[in-house]
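Peer 1: coords please:
(chains A, B, C and D, ligands or ions: 4)
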Amino acid sequence: MTVVEPVDAVNALEETYLKLARIRAFELKAMDLFSEKFIRGSVHPYIGMEAVAVGVCGALRDDDYITSTHRGHGHCIAKGLELRPMMAEITGRATGYCKGRGGSMHITAMGKGMLGADAIVAGSVAIATGAAYGLRLQGKDAVVVAFFGDGGSNQGIFHEAANLASVLSAPVVFVCENNQWAISMPIQRAIAVEDIAVRAAGYGFPGEIVDGNDVLAVRDVAQRAVDRARRGDGPTLIEAKTYRITPHSAATPTDNRAPEELDLWRERDPIARFARHLVDSGAATEDRLEELGRQAAAEVEDAAAYALDSPYPDPADVEDDVYAPADWLREGRLA
Amino acid sequence: MTVVEPVDAVNALEETYLKLARIRAFELKAMDLFSEKFIRGSVHPYIGMEAVAVGVCGALRDDDYITSTHRGHGHCIAKGLELRPMMAEITGRATGYCKGRGGSMHITAMGKGMLGADAIVAGSVAIATGAAYGLRLQGKDAVVVAFFGDGGSNQGIFHEAANLASVLSAPVVFVCENNQWAISMPIQRAIAVEDIAVRAAGYGFPGEIVDGNDVLAVRDVAQRAVDRARRGDGPTLIEAKTYRITPHSAATPTDNRAPEELDLWRERDPIARFARHLVDSGAATEDRLEELGRQAAAEVEDAAAYALDSPYPDPADVEDDVYAPADWLREGRLA
Amino acid sequence: MSTVAVSELTMAEALNEGLREEMERDPSVWVIGEDIGAHGGLFKVTEGLLADFGPARVIDSPISEAGITGAGVGAALIGCRPVVELQIFDFVTLTMDQLVNHAAKWRYMSGGQVSVPLVVRGPISNGIGMAAQHSQTLEAWFVHTPGLMVIMPSNAYDAKGLLKSAIRDDNPVVFLEKRLLYSRKAEVPRDEYLIPIGVADVKRRGDDITVVAAGASVQLALQAARQLAREGIELEVVDPRTLKPLDMDTIAESVARTGRLIVVNEGPRAGGFASEVVARTLDHVPLQDLKAAPRRVTARDTPIPYSAGLERAVLPSLDDLLAAAAVVMS
Amino acid sequence: MSTVAVSELTMAEALNEGLREEMERDPSVWVIGEDIGAHGGLFKVTEGLLADFGPARVIDSPISEAGITGAGVGAALIGCRPVVELQIFDFVTLTMDQLVNHAAKWRYMSGGQVSVPLVVRGPISNGIGMAAQHSQTLEAWFVHTPGLMVIMPSNAYDAKGLLKSAIRDDNPVVFLEKRLLYSRKAEVPRDEYLIPIGVADVKRRGDDITVVAAGASVQLALQAARQLAREGIELEVVDPRTLKPLDMDTIAESVARTGRLIVVNEGPRAGGFASEVVARTLDHVPLQDLKAAPRRVTARDTPIPYSAGLERAVLPSLDDLLAAAAVVMS
Ligand SMILES: Cc1ncc(C[n+]2csc(CCOP(=O)(O)OP(=O)(O)O)c2C)c(N)n1
Ligand SMILES: Cc1ncc(C[n+]2csc(CCOP(=O)(O)OP(=O)(O)O)c2C)c(N)n1
Ligand SMILES: [Mg+2]
Ligand SMILES: [Mg+2]
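Peer 2: Ligands and ions are numbered 1, 2, ... in the order given. Predicted coordinates:
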């Protein structure tokens, strides 16, 4: 098993870079594991969108929560989940965060403030709203971020959750990752407006647009929204304009997007871009960044090795966890 | 049975007044029939809102369609449905538009362009959108109006239908009857914005606000929206600000609204207001309006008498109309 | 003469007491729904709660069934015990995704990390001319949904005790209340009590026919029982009270003894709860112990019509049940 | 050697042909769904339709399952025959209101004035690690919904003929396609053909046990049949093909002859379609004609887990079916 040499103390900016690099490395590895049949179903790579999750979660405290989507690995890593149980989960092992029951689209880690990834497009926006309201009732000042996509913004539940969050002034931040495509559907044909952010005006809270490939810009706008929510002033809709560089999923490799469009966005790669910024500003050297990149890659390799060494869950336990403990269960009155 | 003396030729303005009066008289009678137990379930009176339906339908052709709500009698009468089969339907008779199967909340009259009333709040907005798109495919230039309430504007299906209608530029007009209450819920607590009309901006089509108690103003704004739809330029959201003078329904008489508020809106009664306009502008005399009022009342009495004289549907036929004719049905392969 | 202090309460009042007691006992319990605040709910089940617990815990919601159910799921995930009212249970169709894909599955998908102590309750509103979209009896869908519990009380006493148990249970519960039973009175103890989940209540003993009936159907069964008793036929009326989990021990024991089973249910016949009870009974009771084929007395497979005579013709009737009894006795 | 000209088609190709033929035949037929245009649908069922029929009749929709289903209902009301694709059928949870409260009831509520010739189709996606929200088998809900029809083909030939009949039928149809069957080939006639609704197909004759199985379960049943034949036990495999209406004549005749019934279904056990077939069979076949109690071979009552071994443990297996066969033969 790879031994990970922890690099010496990383400062905040380096940590941000490390997170971006971790996500990228994790997704590339996940795609390999999928083609090697270690992963079933599908994998929806977050490649090209890393700055959104890292920027947003950079504005969160450990006791804040997030909900995620089918494309959720980046959110998990940005929120601080560990790579080993993540990799174990997506490879269906007993050592995974969800004991292999959830898989790539359902990673949950309550201990890390990860309420869960949701494979129903936009399915978790109302859940995030209710969790946020509940935290308020509990007298906590934690906030909840709901990630969803441009395609998800056309689901009725987004409308209901946004309106409900507004009238309850729930401490929730709606982060719409507008990567401009929903599988094969370009945003231009899915909506008849330029920006999704304008929809916030229909609910009475701010809608902000940010360059989703600029991790520091995302962090700033997220910080404003999170502070507003924490203050009790209610929700914000953040539209992060970004792009997925890889196909929709490992299971649907066909990609009808124009090569020029892809090239354009490859040039805007959020990681390379942040790296340039660090070097140009003198915050880090090329060498240091390479070192961090190797560190990220090593962590991912370690996680993959750990996962593939882990046992599969015992089919005999398959009915565990359908229901929480209850008298009627203990007494064998099964559903 | 009351004999209805048809009044001599009515001009357009008089016809408008007659429609308003018909709806008012019909609803008052329906409330009586409910308390006399001739109507089961409930009746949701349209009293105070008559100008919306009459104004909007005044902009429609006979071959245009509407969908309606739980509070649908006014829409039906404005679209030209006959009072006798309407009254027969809400009293559960075989001679009703729906043979007694639908009742007050489900009056349908395809021959009159009434696609159906829907007891699911906002449930018919997507149906109207699809009907509108279908008419386009059929090469027709008919349009569809979807009536729904302020409360209905918070249902997810409104969001989905509005967005879909916009990207399809379906010839549909969304008419939101903002009577400022949803049963006991004031609009101010249900949404955090002043006007529902602003939501149209989130979908990329016009949102218009109109005084829903001014039948001519409603007609004008509706005409613009209908023309736009007919031209193929897509949907419009019309928010008609109005008020229901009577309780939510005959079955829920308790009313938590402030008496002052009710008084205020009684003064704005759309029928009295239109009457004043007709008299002041010299378009009609008090006497003539009284005559039209008597005419409306007589028509309603005739319809009620017809209904109460009508037979109930035969329970033996209760399974008819579950399915449209099909080989498998004819051959007795029942579901 | 009962020794415990009791009050005569309608089922609506009993449910209201149950909610109030649980809200007093546990600050993490709160309610949300349409018109449940000042209005007290269309059927008064939440009456007075707003005054006693305030608008933060008694929330009048916009008309957004999916939104409020989803909000309930989210709040449950972080430790609240929300009770979501669907004004008429037919509107659950708008929130099947939040209920089935989220509430019911979140715990399992998380590998047991979370629980979803959520109650979604509301009336089954048939029998009063509310027509097809306000009169459905849909418990079969939820019985078919792993991860959910389904509870359907038949009287005020059971309703209160079961609702309190439902709120304390850590699993998502669909709690179905027959609207016509709201105004029906029963003796309810003044002192606190709970009714265990998954324990059927034999509403009447008899050795000839086992009639399994829940909710409103219990009254129908008892009516038939009284009538048939005059002919010397004794019905045993088993009220499962909770449909998921289902107390098959009690049902199987009874059927093994009587050798005859009739299941009464107000839902449409095809794919209904009655079919499930019949099929499951055959897993527990040997064929040779059956004196007659199990019979189902259900609604017809049609939407619920508006007109009184039509609606009566669709819903299961006393005559339907008596006819079925005659068949299994012959 | 067959006399009709045939081609070897996968079920996806056969469905595609069926759609194309109906769209050519009837301009009122159009399709809408997510990624069904240029992308041809996630599983290629609509491949090439955009090129042949244009964007007005082949509509890539926003992600709005309720919206597009409702749009389909509305278009059907004015005389179109829309075919709505749900990309994965689990998403029907988002549109139960449009499907159940609208599509299924509109005709009845209107007193027969309107009809709703709508097809809502999509894949059942279990068995491949898509996990709990992408792997449900929900036909039982629709069987329980008066006004709907439910069709579930088990091979390419049936799929094409049934889809064409579904599109021509004037009633709303839920058309369920097992994803793992999409790539499975069968001989499909070159010439046009229809398969009648409500007529079961006996996929194999046998006199010992009647196995009722639809969709993917048919393969399981045939596998078991081949294996048991070696032991001299002959299964009769009845594929109802349409679950609503259900061809009880064929099922009852078979069970009356074999005296033994096993129903295989991939949905959760409680309240599933298997329970319905068992209960309904008892209305048609006298108890004394049964040599053993009817048995259900179904999925377990759990959400579908992700990990391969777990998912296998939840779904009905060949061993489960063989074990049930042993029980009814003993
Ligand atoms: C309710 C629902 N409908 C459809 C799908 C299938 N699906 C999975 S991802 C996806 C596209 C989502 O687009 P978007 O929200 O923009 O997120 P992205 O994939 O672009 O990150 C679709 C249609 C789903 N999972 N859930
Ligand atoms: C989906 C749904 N939720 C709730 C109800 C119960 N209900 C009937 S009318 C009504 C209020 C509707 O308010 P609004 O849309 O403003 O129409 P209005 O009654 O004011 O005309 C409610 C909550 C319903 N019929 N359908
Ligand atoms: Mg996207
Ligand atoms: Mg209103």
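Peer 1: What score does the closest residue to C:Ala104 other than its chain neighbours have for pLDDT?
Peer 2: Computed as CB to CB, 6 or more residues apart in numbering or on different chains, the closest residue to C:Ala104 that is not its neighbour in sequence is C:Gly147, at 3.3 Å. (Glycine included, C-beta is placed from N, CA and C.) pLDDT, C:Gly147: 98.
Peer 1: so C:Trp33 makes contact with C:Glu85?
Peer 2: Actually, residue C:33 is Gly. It isn't Trp. Yes: the pair formed by C:Gly33 and C:Glu85 meets the contact definition of CB atoms under 8 Å, at 3.0 Å.
Peer 1: Common neighbours of these two, please.
Peer 2: Counting by CB atoms under 8 Å, 6 or more residues apart in numbering or on different chains, the shared contacts of C:Gly33 and C:Glu85 are C:Gly41, C:Thr46, C:Gly122.
Peer 1: For A:His248, see how far away the first one is.
Peer 2: Okay, so that is C:Gly41. For C:Gly41, the distance to A:His248 equals 45 Å [CB to CB, to the nearest Å].
Peer 1: From C:Pro245, how far out is A:Ile47?
Peer 2: For A:Ile47, the distance to C:Pro245 - CB to CB - is 45 Å.
Peer 1: Repeat that for A:Val143.
Peer 2: As judged by CB to CB, A:Val143 and C:Pro245 stand 37 Å apart.
Peer 1: These two: who's more crowded?
Peer 2: Using other CB atoms under 10 Å in any protein chain shown as the criterion, A:Val143 and C:Pro245 rank with A:Val143 on top: 29 against 23.
Peer 1: so where do the strands sit in chain C?
Peer 2: Secondary structure of chain C (DSSP state E): strands at C:6-10, C:29-33, C:58-60, C:81-85, C:119-124, C:149-151, C:173-178, C:185-189, C:201-204, C:209-213, C:235-239, C:242-244, C:261-268, C:295-299.
Peer 1: The last one near chain B anywhere?
Peer 2: Read that as strand C:295-299. No: residues of strand C:295-299 are not located near chain B by CB under 8 Å from any CB of the partner chain, the shortest gap being 10.8 Å.
Peer 1: so where's the chain uncertain?
Peer 2: Just going to use chain A. A:1-9, A:335 (pLDDT under 70).
Peer 1: that's the other chain; I wanted chain C
Peer 2: Residues of chain C meeting the criterion pLDDT under 70: C:1-2.
Peer 1: Point me to the residue of it nearest ligand 1.
Peer 2: Closest approach of chain C to ligand 1 (CB to the nearest ligand atom) occurs at C:Asp97, with a separation of 7.4 Å.
Peer 1: What distance do you get for that residue to ligand 4?
Peer 2: Applying CB to the ion, to the nearest Å, the value for C:Asp97 to ligand 4 is 26 Å.
Peer 1: and the residue nearest to that residue when sequence neighbours are not counted, how many neighbours?
Peer 2: Leaving out its chain neighbours, the residue that sits closest to C:Asp97 by CB to CB, 6+ apart is D:Thr93, at 3.9 Å. D:Thr93 is flanked by 27 other residues according to other CB under 10 Å.
Peer 1: Next up, the contacts around D:Thr93.
Peer 2: Contacts for D:Thr93 were tallied using CB under 8 Å, 6+ apart; they are C:Met96, C:Asp97, C:Val100, C:Asn101.
Peer 1: Now render these as a markdown table, adding neighbour count and distance to ligand 2.
Peer 2: Below are those laid out as a markdown table (neighbours: other CB atoms under 10 Å in any protein chain shown; distance: CB to the nearest ligand atom, whole Å):
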| residue | neighbour count | distance to ligand 2 |
| --- | --- | --- |
| C:Met96 | 26 | 13 |
| C:Asp97 | 29 | 15 |
| C:Val100 | 29 | 18 |
| C:Asn101 | 25 | 19 |
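Peer 1: before we move on, the earlier item: make sure the residue nearest to C:Ala104 is actually in contact with C:Pro172.
Peer 2: Yes: at 6.8 Å, C:Gly147 and C:Pro172 qualify as touching, with contact defined as CB under 8 Å.
Peer 1: all helices for chain A, in order.
Peer 2: A:12-35, A:50-57, A:73-78, A:83-90, A:125-137, A:156-167, A:187-190, A:215-231, A:259-267, A:270-280, A:286-309, A:327-330 (DSSP state H).
Peer 1: Give me the buried positions along the first one.
Peer 2: It refers to helix A:12-35. A:13-14, A:16-27, A:29-31, A:33-34 (16 or more other CB atoms under 10 Å in any protein chain shown).
Peer 1: and what of the last one?
Peer 2: If you call a residue buried by 16+ other CB under 10 Å, then helix A:327-330 has these buried ones: A:Trp328, A:Leu329.
Peer 1: Was I right to think C:Asn101 contacts D:Ala131?
Peer 2: No: counting by CB under 8 Å, no contact exists between C:Asn101 and D:Ala131, whose distance comes to 10.9 Å.
Peer 1: can you count the residues close to the residue in the stretch 51-200 of chain A that ligand 2 sits nearest to?
Peer 2: Distances from the stretch 51-200 of chain A to ligand 2, computed as CB to the nearest ligand atom, single out A:Glu160 as the nearest residue at 11.3 Å. Neighbour count for A:Glu160, taken as other CB under 10 Å: 33.
Peer 1: Verify the stated contact: it with C:Ala66.
Peer 2: Yes: shown here, A:Glu160 and C:Ala66 form a contact pair, counting by CB under 8 Å, at 5.6 Å.
Peer 1: what sits in contact with each of those two?
Peer 2: By the contact definition CB under 8 Å, 6+ apart, A:Glu160 and C:Ala66 are jointly contacted by A:Ala126, B:Gly156.
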